[in-house]
Structures are given as C-alpha cells and as structure tokens.
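Colleague: no FASTA, just this:
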C-alpha cells in the first residue's frame, strides 16, 4: 500500500531548480533510499516532504491526504518524523528530556492540568518517562539518559535524535544522512538500528551518501541528479544502471 | 552600622531584589521562546497592580488579585496575537521598536483609564504601621508577603519548566525551534503562551509590591529598566541567574543609600547596566559562546 506519494514536485531557489518534476511512491513497511551526488536536491526533497520548504508546484500525499500546504508541526502530527544531517538536539536538556519532548504529540495533558499536577497528569508524565526510557534502550544509549544531550558523542547524539523521532510514534520516518560523520563501526550499528525500526512496522525513507549502507538495507532506491529523478529501482538493478554509474564515476572517455 | 540597621537594609534589598528578579524572569521567558526583549514587560507589572486595585473595589483582595493576574495574562496573549503572531521572522530591531511602542500604548491607555493619581492595594495583613520583629529590626509584614510570593513564583516556575510536558516543550522551543516544530510543537502557540506566562508573573509581582511601592500609570518603566539590568547582569535567558543577579542588585541599591544620597539609587543600577554591557555583555553567569548562538 502506498504511504507517501510524491507527484511532479518542483522547487526553485531563484533561478536554480533544486527539485525538477520528481515523482515517486513509498510503500508501507519498506526502507527506501534517495541517493545522488552533492547538490542533487536530496535534502531539499526532504525539506519539501517534511514541510520545512513549500514546493512551487506538485503534490505530496501522505496517508491519502495532501500535505504539501501544511506546516511542519501539522505534518508531524499526522505521523511523519525526521532527523537532520546536522543534528538538531535541544541544548541544555538531557538525552531523556529530548526524547520526552518527542512524546508531546501523543500526550494530551492540557496546560491547566499540568500546572495543577492532577493525578492523571502525573500518571501520564510517568508513562512518557517510561516510554522515553524504553526508546533510549531501543537505540542503545539508556545509560546516558541524564547526560546533557550536547555533550554526548556524535553517534550517540544521532541515536538520541532517532529516539526523539520515534517518540512521536511515526508511521513514516525520514532520515537525512543517518551515517554522516560516523565511523565504520557506528555506521554498522545505525544500519542495524534502521532495520530494527522497519521491523517495528515503521516505513523509512532515507537520504544517504554511504553506498554500502544504502545497498545493504534499502529495498528500493531513487537516484537524483541535478534535481531530476534519473532512476528508481532495487539496489542490484541500480548498481547495474549505466546512467547511475555515469553520474557517480563520470563519462567514459576511452 | 548596627545589626538592626544592617538587617533593615538587607530586607529592603531582598524585597526589591526579588521583585527585579521576577521582572527579569518575565524578560527571560519571552526572550527564550522568541529571541526578543519585550520592553513592555514593566507595563505588565503596572497593569497587574492597577487592575487589582480596580477589582478590589468590588471583590475581596485575594479574588481581586487572581482576577487581575488572569486579566493581565489575557492582555499579554492579546498583545502577542495582535502585534507579533503574524510577523514572519521579523528582525530584532523591528521587534524592539514594536515592544517599545506597545509599552507606550499601554501606558497612555492606563493614563486615560486610571488617571495620574497614585494608588495602592491595601496591605495584605495589618496596615502601614504594623510590623514584625526579625533580627532586631521592625519590618512590614508586606515585605514578607513580597519575598514569600516571589519565592513561590520562582520555585513553581522551575518545577514547571523541569517537570511538566508544557514546560519541557517551551524549553525545547527555545533550544531549537526547527526541531521543536518537527516534534509536532506549534511554536506560535508556545510564543503566545510565553507572553501569557510573563504577563501573569509580572502582574502578580505588581500586586504584591503595590502596598509598598504604590502603583501609578508610568510605574512600569522603572521596573522594566531594573528588570532588564538584572536579566543582563545574570545572563539573558537564565532565570536562576536572574534571581541571584536580582538579589545582588537589590542589596547593592539598598546599602548604597548608606553611602550616597537616595536620589542616586537609580543611577547606581543604570551604571551597573552600562558597566556590564561594556565588559561582560553575556552576564555574570552567562557563557559568551552560547550568547553568540542567540539571534540577539
């Protein structure tokens, strides 16, 4: 079943066409990757889907509803969550607190109730706390729960960001270069984690530079170049695709 | 200096200091969620006092104070919705001009509604001459009310920011607005709420101080300058530092009158503001590298 449908999407920055007439679908329960050389429009595509940038034309349908005119928090409320290439954590808050903020969407304690500390608010607060701790365990950094998120290592910060994204209970998770800046070992860990997330029934769409990661875990790959989609296929087929090889390795002059 | 005199100055210093701290915390709450300084903060204090005095003609004192705080919170929310909400990433300078404009507007409206006369709420307990004996000196019970109420505000706020979802969301919003929206937080509502919260605590401070300091339509400006000094002194955005800085400023002011004439009291706090802006603009407890990350 189609979860996300991107149709004839266009986005210009002045004279530069960052995304040109891109269309693709993401089916429920799969890991799909978007690859392409630097400046191919991958991050712009992500910003468009998550609502951080408004497309000039085209439609984005999520769970059969058009979302390209909604603001990011409304899109998040519908079950789409994302992480960033340059990690954006809440400074001055512990790892656990960062994740707890992610639970916000699913918690319904109003302002007055939380000020008055009504019994059921406290119960909900406890539930959020337990939930967040479980997520930190899931991403494997529960022992750092009380550490200021900004003083964790890069790989751990990425894990916190993922846990925070999962706290919103998304049906679609967008990962912007989850392996950027990680060493080989950490990349393997992240790959395992992404597969584990998929096994929970969460659809994953990722942008990534690390080819081995993409080829290992994704079921389908979209290739972008200069804002245009040039291929969409399974990893083995992409590896054989002449056009893709040409983009990555350059023109064969001989 | 005798112990009694020392205690007298000390209590005066703490009373004013904690009031300055409350106003500074009001600045900080809005600064943290929006990155702007709301120069109408002092007007919230004045409004709180004035509205409570008006309501007190009809209702008993506690009811009047609660109504005044709630009314001021609604005014705070209305100000944000009318003047600020619809602006799309405005520049800091523009926001400063807007909030200064709002403060002038409120002051002039207050002049029309309440006139120039100096008013005051009745003492919460006893009257002007009743006193409590502490550390060999006589102080007004109202002083204890001010210190007590402000301390409760500070404690409640820190619990609110630390242990409630809404408080955490406000901190998240101030730490990283983009990430907060992606967690499903409506940052615009958080900004409205921060105005309500600032207005509310400002108004409460305005009520408890009214019997001692009196309330007049233009009384907010002085408080805003002192509160701003304290906010800068402690390091913008840091509410616990504001309490320390507030007490420091209050006590310096109080003891200064044993050395220089009373009329120089304001000059002292403004000198401190200037000195701190020249030599340590990120405040005593602030860190320059973090201060630089803020838009201001």
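Modeller: Ah, there it is. Not measured: the values here are computed from a predicted model.

Colleague: is stretch A:33-48 up against chain B anywhere?
Modeller: No - contact of stretch A:33-48 with chain B (C-beta under 8 Å from any C-beta of the partner chain) is absent, the minimum separation being 10.2 Å. (Glycine included, C-beta is placed from N, CA and C.)

Colleague: give the buried residues for that stretch.
Modeller: A:33-36, A:40-48 (16 or more other C-beta atoms under 10 Å in any protein chain shown).

Colleague: ok now it, how far from the chain's centre?
Modeller: 12 Å (C-alpha atoms, centre = their mean, to the nearest Å).

Colleague: cool, stretch A:98-105 as well?
Modeller: Distance, centroid of stretch A:98-105 to centroid of chain: 16 Å (C-alpha atoms, centre = their mean).

Colleague: and for stretch B:263-270?
Modeller: Relative to the centre of its chain, stretch B:263-270 is centred 19 Å away, using C-alpha atoms, centre = their mean.

Colleague: buried residues, that stretch. List them.
Modeller: Neighbour-count burial for stretch B:263-270, counted by 16+ other C-beta under 10 Å, picks out B:265, B:268-269.

Colleague: what's in contact with it?
Modeller: Stretch B:263-270 is contacted by residues B:222, B:225-226, B:229, B:249, B:252-253, B:256-257, B:260 when judged by C-beta atoms under 8 Å, 6 or more residues apart in numbering or on different chains.

Colleague: which residues in the stretch 1-150 of chain B form strands?
Modeller: Taking DSSP state E, counting those that start in this stretch as the test, the strands found in the stretch 1-150 of chain B are B:132-134, B:137-139.

Colleague: on the pLDDT front, check the residue lying closest to residue B:140 once chain neighbours are set aside for me.
Modeller: Using C-beta to C-beta, 6 or more residues apart in numbering or on different chains and skipping residues adjacent in sequence, the residue nearest residue B:140 is residue B:131, 5.9 Å away. pLDDT recorded at residue B:131 is 81.

Colleague: neighbours of residue A:247, just the number please.
Modeller: By other C-beta atoms under 10 Å in any protein chain shown, 20 other residues sit near residue A:247.

Colleague: nearest residue to it other than its sequence neighbours?
Modeller: residue A:225 (5.0 Å).

Colleague: residues contacting that neighbour?
Modeller: Going by C-beta under 8 Å, 6+ apart, residue A:225 touches A:36-37, A:40, A:247.

Colleague: might you name the residue of the stretch 151-254 of chain A sitting closest to chain B?
Modeller: In the stretch 151-254 of chain A, the residue that lies nearest chain B is residue A:168 (5.9 Å; C-beta to the nearest C-beta).

Colleague: check what pLDDT the residue lying closest to that residue once chain neighbours are set aside gets.
Modeller: Spatial nearest neighbour of residue A:168, excluding adjacent residues (C-beta to C-beta, 6+ apart): residue A:81 at 4.6 Å. Note for residue A:81: predicted pLDDT of 89.

Colleague: and the one 5 residues further on, by the same measure?
Modeller: Per-residue confidence for residue A:86 comes out at a pLDDT of 81.

Colleague: what's the burial count for it?
Modeller: Neighbours of residue A:86 under the rule other C-beta under 10 Å: 8.

Colleague: ok but it is inside a helix, no?
Modeller: No - Residue A:86 is assigned coil when assessed by DSSP: H, G, I helix; E, B strand; the rest coil, not a helix.

Colleague: from residue A:49, how far out is it?
Modeller: 18 Å (C-beta to C-beta, to the nearest Å).

Colleague: hang on, residue A:248 packs against residue A:36?
Modeller: No - the pair residue A:248 / residue A:36 is not scored as a contact, 9.2 Å apart, by C-beta atoms under 8 Å.

Colleague: how close does the nearest residue to residue B:25 once chain neighbours are set aside get to residue B:201?
Modeller: Ranked by C-beta to C-beta, 6+ apart and with sequence neighbours excluded, the top spatial neighbour of residue B:25 is residue B:239, at 4.8 Å. Residue B:239 sits at a distance of 10 Å from residue B:201 (criterion: C-beta to C-beta).

Colleague: one more: residue A:88?
Modeller: 30 Å.

Colleague: which one's more surrounded, these two?
Modeller: Taking other C-beta under 10 Å, residue A:88 and residue B:201 do not tie; residue B:201 has more neighbours (27 against 19).

Colleague: what kind of secondary structure is the more buried one in?
Modeller: Classification of residue B:201 by three-state DSSP places it in helix.

Colleague: OK, contacts around it?
Modeller: Contact criterion C-beta under 8 Å, 6+ apart gives B:22, B:25-26, B:29, B:153, B:157 as the residues in contact with residue B:201.

Colleague: which of those are buried? Put it as a ChimeraX command.
Modeller: Typed into ChimeraX, the line below selects the buried ones among the contacts of residue B:201, using 16+ other C-beta under 10 Å:
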select /B:22,25,26,29,153,157
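
Colleague: would you turn the contacts of residue B:201 into JSON lines with distance to residue B:82 and pLDDT?
Modeller: Formatted as JSON lines, these follow (distance: C-beta to C-beta, whole Å; pLDDT from 0 to 100):
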{"residue": "B:22", "distance to residue B:82": "25", "pLDDT": "92"}
{"residue": "B:25", "distance to residue B:82": "24", "pLDDT": "93"}
{"residue": "B:26", "distance to residue B:82": "19", "pLDDT": "93"}
{"residue": "B:29", "distance to residue B:82": "19", "pLDDT": "91"}
{"residue": "B:153", "distance to residue B:82": "26", "pLDDT": "91"}
{"residue": "B:157", "distance to residue B:82": "26", "pLDDT": "89"}
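
Colleague: tell me which entries of the contacts of residue B:201 lie within helices.
Modeller: Using DSSP state H, the members of the contacts of residue B:201 that fall in helices are B:22, B:25-26, B:29, B:153, B:157.

Colleague: tell me the one of those nearest residue B:38?
Modeller: residue B:26 (7.7 Å; C-beta to C-beta).

Colleague: and for the closest residue to the closest one other than its chain neighbours, the neighbour number?
Modeller: Distances taken as C-beta to C-beta, 6+ apart place residue B:198 nearest to residue B:26, at 4.0 Å, with adjacent residues excluded. Using other C-beta under 10 Å, the number of residues around residue B:198 comes to 28.

Colleague: for residue B:198, what are its contacts?
Modeller: Residues near residue B:198 by C-beta under 8 Å, 6+ apart: B:26-27, B:29-30, B:38, B:41, B:44, B:76.

Colleague: farthest-separated two in these?
Modeller: Largest separation among those by C-beta to C-beta: B:27 and B:76, giving 13.1 Å.

Colleague: I figured residue B:247 hits residue B:22, correct?
Modeller: No - using C-beta under 8 Å, residue B:247 is not in contact with residue B:22, being 11.6 Å away.

Colleague: where does the residue nearest to residue A:168 sit: helix, strand or coil?
Modeller: strand.

Colleague: quick one: the helices in the stretch 51-200 of chain B?
Modeller: Secondary structure of the stretch 51-200 of chain B by DSSP state H, counting those that start in this stretch: the helices cover B:61-79, B:92-114, B:141-163, B:165-175, B:177-182, B:187-213.

Colleague: how close does the residue of the stretch 151-254 of chain A closest to chain B get to residue A:49?
Modeller: 15 Å.

Colleague: any chance of the backbone angles for residue A:19?
Modeller: Main-chain dihedrals, residue A:19, degrees, to the nearest 10: phi -130, psi 120.

Colleague: nearest spatial neighbour of it, chain-adjacent residues omitted?
Modeller: Among residues not flanking residue A:19 along the chain, residue A:11 sits closest, at 4.2 Å (C-beta to C-beta, 6+ apart).

Colleague: what residues of the strand or helix carrying that neighbour count as buried?
Modeller: If you go by DSSP states H and E, residue A:11 is part of strand A:2-13. For strand A:2-13, the neighbour count (16+ other C-beta under 10 Å) marks A:3-6, A:9-11 as buried.

Colleague: wait, what's in contact with residue A:243?
Modeller: Going by C-beta under 8 Å, 6+ apart, residue A:243 touches A:223, A:230-231.

Colleague: pull up the overlap in contacts between residue B:239 and residue B:201.
Modeller: Shared contacts of residue B:239 and residue B:201, defined by C-beta under 8 Å, 6+ apart, are found at B:25, B:29, B:157.
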